[in-house]
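Asks: No letters, just coordinates:
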DNA sequence: GCGAATTGATAAATCGTTTTAGTAAATCGT
DNA sequence: ACGATTTACTAAAACGATTTATCAATTCGC
């Protein structure tokens, strides 16, 4: 009521004055913490509190800059509004894009997330999972990560391919992706197609390879051993695609198109082809996968199979939130599939005769 | 050792059996929670507890899979081992790289971080800062974000340029960067140099522009109004560089080299130049900034001024950890500077006569 | 053999909330 | 006018740890 205290509070407001507790605020108002809690949280039983008192409470809370302590509240209500997100590493663009989607979905609901990178180390992965659980996350999103044992929480695996009890896999419709890719190359007249197979640790590697080979065979195209090469090494750089394409070329197989494992390796492949005196797309068409940020601005601009990574991230997050909010066990789905799209740019062209 | 029991245990381990509390564990051992706490945390006063009892406790904790509740512990000891990281958005590669460094430094110390994107919205930025403080983060790292009021916590601003009490800025040595860039172009014989100035919202925009102009003038090169153009729009895509370069070309200024604001805009610029029938680097040299992931694999590979983003992230994190651990107030430094390096690739070449 | 120190433990306060179960006074219905 | 509601508010018990006193029984020093 007096001027002095108010001024002091205001001048400190910028510096966000040391937090005040509910108890202190209650003492200041000469009310019990209970009353304040009921009013501030708009609890049903607060109907009996007169508006005048409520106003006093709101005013004081604002003036004294009361901010409820999240730890205390979380401990009491047993909810942290926090998820854990496990990625192989952050630098590769793929994970960042998924995270972006995760964040968009979570922020709407006042959730946050803790990020952890396992760097392709199995032991670290297991340890991080445990630590996240200890930190009371309400669910876990694993991105492109082969989880083994799922903790007792809602878990969604983005690009996961193992069937694990209680884990929802958010996956691309790989069959469709392979059809789109091979179909595009076939339509351009390509009949000799090479493939860059993913690294062994990537969860998409096997499905992608198999579906592509199948789609090709359906059109009478055989992918013999000389026509594919596997990416090796953990670096998320085009180097690995460059190296794999070199060995492919050294192997002597003849091809007019190359279906890369992803955009990053496609970029490396283009460089290797150029180094060998082959022009893209005049001599060899190159097809990427993912449509990462930058694929459109590569030179030549990459034709690629687009994975909706942002959507996969937000779908993963939404799925977990949904499971948390609906008490019904029935909400659980073992698999959610999203559709790829073909993005035609400049790295593919009709096959030369 | 028989197969059966092991299988059963394992099968439960997968589901990570419902957490047990300290009190329950204590009841099971017929000891008090106090004793367990002292032993498990290896408190000094635990010396009087005989090894036999300690062993019993450790064994039971392991067998019953006791995991201390982080919330409860944090509430009591008033430490969360969590930082908040505020970025403009995640998709731009720049932030992801910094985050990567942050994570590397934090994980060593058992810290985690919550990520929040403000999407260039001032109100959101302010709100997110408050929410992070409510969540009891122990410090905040802002990346390329113009913070106004710093909360009452250790704050480090990566690429921050305002002087704010209590905020440490981690910045690139811009003077040096400008010298490296202009020096490189000058040495190649360029005397007419155009500049792409950053978006108004980016904290590096003004310094970078000014230092570049100064470095040029020091060598007798004037950058008149027709020779620079400002990026506009929030999209983190090369589009903005493409558009800015178009207007530059339309303005009629003559130049043999272009110093872009960053790699992303450099990529857009190269496309605009090509569209105008100019070859890079034969007709125009293009110099990027940042050395983002992918700069090396662009075609032509970008010559660029490398910012050590990973290091800036880990330096920011280390700085905060340091301030948290040392009780001395003296640790505070208002500014930490890191050095750029020139990475010469294929987008710059001697000036044509 | 007696006070002091050591050994082996524990009860209770605390962190800052939410929530359950009240209570005392005023008002209502009849 | 009197029991039943309603109004206005609160005490105390959680949540799950850590930490500060204490305590009872031994052992030690002399």
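Replies: The structure has been received and is ready for your questions. Please read all numbers here as calculations on a predicted model, not as lab measurements.

Asks: where exactly do the helices run in chain A?
Replies: Here chain A has its helices, by DSSP state H, at A:3-13, A:22-29, A:33-40, A:51-63, A:70-77, A:94-108, A:122-134, A:174-187, A:205-218, A:239-251, A:263-275, A:309-325.

Asks: now the longest one: mean pLDDT?
Replies: Same thing as helix A:309-325. Helix A:309-325 carries an average pLDDT of 95.

Asks: again with stretch A:135-144
Replies: pLDDT averaged over stretch A:135-144 gives 96.

Asks: Just the terminal-to-terminal distance for it.
Replies: End-to-end distance for stretch A:135-144: 22 Å, by Cα to Cα, to the nearest Å.

Asks: That stretch near DNA strand C at all?
Replies: No: residues of stretch A:135-144 contacting DNA strand C under Cβ under 7 Å from any atom of the strand: none, with a closest distance of 13.4 Å. In this view, the C-beta of every residue, glycine as well, is placed from N, C-alpha and C.

Asks: where are the low-confidence patches of the stretch 251-353 of chain A?
Replies: Judged by pLDDT under 70, the stretch 251-353 of chain A has its weakly predicted residues at A:327-331, A:353.

Asks: Pick out the residue in it sitting closest to DNA strand D.
Replies: Here the residue of the stretch 251-353 of chain A nearest DNA strand D is residue A:324; by Cβ to the nearest atom of the strand that distance is 17.4 Å.

Asks: so that residue makes contact with residue A:139?
Replies: Yes: here residue A:324 reaches residue A:139: they are 6.4 Å apart, a contact under Cβ atoms under 8 Å.

Asks: Overlap of the contact sets of the two?
Replies: By Cβ atoms under 8 Å, 6 or more residues apart in numbering or on different chains, residue A:324 and residue A:139 have these common neighbours: residue A:154.

Asks: Can you get me a residue count around the residue of the stretch 251-353 of chain A closest to DNA strand D?
Replies: 18 (other Cβ atoms under 10 Å in any protein chain shown).

Asks: ok so, going back, looking at the helices of chain A, spot the one closest to residue B:54.
Replies: Closest to residue B:54 of those, according to Cβ to Cβ: helix A:122-134, at 21.8 Å.

Asks: what about that closest one, near chain B?
Replies: Yes: using Cβ under 8 Å from any Cβ of the partner chain, helix A:122-134 comes into contact with chain B via A:130, A:133, A:134.

Asks: Make a ChimeraX selection of the buried ones in the residues you listed.
Replies: In ChimeraX, this line selects whichever of these come out buried by 16 or more other Cβ atoms under 10 Å in any protein chain shown:
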select /A:133
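
Asks: Just the closest of the residues of helix A:122-134 next to chain B to DNA strand D, please.
Replies: Distances from DNA strand D to the residues of helix A:122-134 next to chain B, taken by Cβ to the nearest atom of the strand, are shortest for residue A:134, at 8.9 Å.

Asks: wait, what's in contact with the nearest residue to that closest one once chain neighbours are set aside?
Replies: Excluding the flanking residues, the one nearest residue A:134 by Cβ to Cβ, 6 or more residues apart in numbering or on different chains is residue B:67, at 4.9 Å. For residue B:67, the residues meeting the contact criterion (Cβ under 8 Å, 6+ apart) are A:130, A:133, A:134, B:19.

Asks: go again using 10 Å as the cut-off
Replies: Contacts for residue B:67 (Cβ atoms under 10 Å, 6 or more residues apart in numbering or on different chains) come out as A:130, A:131, A:133, A:134, A:135, A:136, B:16, B:19, B:20, B:21, B:61.
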